Every structure is written in structure tokens, then in C-alpha cells.
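Trainee: no sequence for this one, just the structure:
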Ligand SMILES: Cc1cc2nc3c(=O)[nH]c(=O)nc-3n(C[C@H](O)[C@H](O)[C@H](O)COP(=O)(O)O)c2cc1C
């Protein structure tokens, strides 16, 4: 099916385990999602583990220097289920139970990132491809070209970061036009069927990513349903 897998820095399973599970079902390209972090040693540790596990690229998420205001999560007192930690951040379940989700997120992530600072640092520590996830404007596509990034993911974080962001399917065409073939373009957000994928490819994306459909498939019937949610939609 040519499915790729992106591993979050906040994943509840390690990149080593996720890559092993992916490779057990077929050739899967893995990428490591990264945030700009306050502690470069933690950030570099994630990069080294991703390289050793065989990830091809870093997806640097640019849209979350701080966590968005998430009323539902506040109302529900969102926390990962007991027993789940953040192994890529070396945080045990007990560690993360001691902080709210927002405080935990904001304690790791740098709120002062910039193109110049982040890209040159990443280039100095890894040969993996560098993609910027969370681009929504032609201006940012131009900057990604200028900073010699390998690709951009047109994404609004599934609409979970800021209210009122443009839909990615609307942001895609001007971004693809600005790219003029100089940089690779992927998209995510609201991709729910083959027709959605067709539209995204027609509007200039090379590839689509999905977030929630995989989780819904897993929640309903574990891995079989997840695969079937990819195959049938
Ligand atoms: C539960 C959940 C956790 C997420 N965590 C991250 C994350 O750690 N880093 C990140 O860059 N994006 C994260 N995202 C956003 C996804 O990577 C992706 O941009 C989004 O889910 C795509 O929209 P879709 O769910 O409509 O397919 C998360 C999304 C969900 C639903």
C-alpha cells in the first residue's frame, strides 16, 4: 500500500519499537517528528535514536512553539492513560502524571524558534532529510526553499493548535504554486477517503498523511481495522 509512518516525539512507544513493528508488516518509510526543544541534548538524543532506527527524515513541527488553547482537553483534564510514558523524552508514566498535559508539553518545547536557528542547528547534527510540518502560506514555502529544506507538510495540526486556521486543502494550491517544483510538498488534515487523496494530489501534493483515522481504526478493532480503514476509504 506504500504507507509511511511518522513517529511523534511524544509517542507512547519508542521509535525503535514502532520501526520494528512497521518493518514486520512490509517496507515502510519512517520519519521522526520533532519539536524545537529547550534542551538541545534531549532533541539530539531523539535525532540519534531516529537515525539508528532507520528513519529517513526529521519532520520539524513549526506550528506549536506553545500548545494551543484546547478547551476540550482542559475540560476533560486530558492525560495519557495510566501506564503510558513518553519514551523518546525519557519520561515515565509516573513522571508525566505529576504535570498537566499543557505544562508537560510547554516544559519541553522552545517558544523562541526561528528558521535561521533551527535549520542550521539540525543540519549541523544530522544528515537526515529536514522537512517542515505546519506550513500554510506561500511565504513559508519560500523560506523553506531558501533554507534548503527537503520538503514541507501543508498542515494545521489537524485544526488542533489554533482555531480559525485555513483548511489545508485551501492552503495547498497557493503553496504548491509557490514551490514551483523546487521543494517537495505533502499535506495532512481531514484526509478521509481516496477521493480526498485524489483531490490533494490534483492540487499539487505528492503524498497525503492521516492522523485520526488510524487512531479510530485502532480504537475500534486494533490493527486489522486500521489497515482496513486505509484500504476501504
Ligand atoms: C492525538 C493526536 C496527537 C498528535 N500529536 C502530534 C504531535 O505530537 N506532533 C505533531 O506534529 N502533530 C501531532 N498531531 C497532528 C497530526 O500529526 C496531524 O497533523 C493531524 O492529525 C492531521 O489531521 P487528521 O487527524 O485530520 O488526519 C496529533 C494529532 C492527534 C489527533
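Mentor: Everything's here; your move. Just so you know, these numbers come straight off a predicted model, no measurement behind them.
Trainee: show me where this protein has strands.
Mentor: With DSSP state E, the ranges of strands along the chain come out as 5-7, 30-34, 57-61, 129-135, 151-154, 184-188, 207-209.
Trainee: Name the strands paired with the third one and say parallel or antiparallel.
Mentor: Neighbouring strands of strand 57-61 in its sheet, by DSSP bridges, are strand 30-34 (parallel), strand 129-135 (parallel).
Trainee: What of the last one?
Mentor: Looking at strand 207-209 with DSSP bridges, its partner strands are strand 184-188 (parallel).
Trainee: Could you tell me which ranges of this structure sit under the pLDDT cut-off?
Mentor: 1, 222-233 (pLDDT under 70).
Trainee: Enumerate the residues of it near the ligand.
Mentor: Counting by C-beta under 6 Å from any ligand atom, the chain comes close to the ligand at 8, 10, 33, 61, 133, 155, 157-158, 160, 188-191, 210-212. The C-beta positions use only the backbone N, C-alpha and C, and glycine is treated the same way.
Trainee: Reformat the strands paired with strand 57-61 as TSV; add mean neighbour count and distance to residue 45.
Mentor: Below are the strands paired with strand 57-61 laid out as TSV (neighbours: other C-beta atoms under 10 Å; distance: least, C-beta to C-beta, whole Å):
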stretch	mean neighbour count	distance to residue 45
strand 30-34	24	11
strand 129-135	23	17
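Trainee: Let's have those strands in a markdown table, adding distance to residue 73.
Mentor: Formatted as a markdown table, those follow (distance: least, C-beta to C-beta, whole Å):
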| stretch | distance to residue 73 |
| --- | --- |
| strand 30-34 | 19 |
| strand 129-135 | 19 |
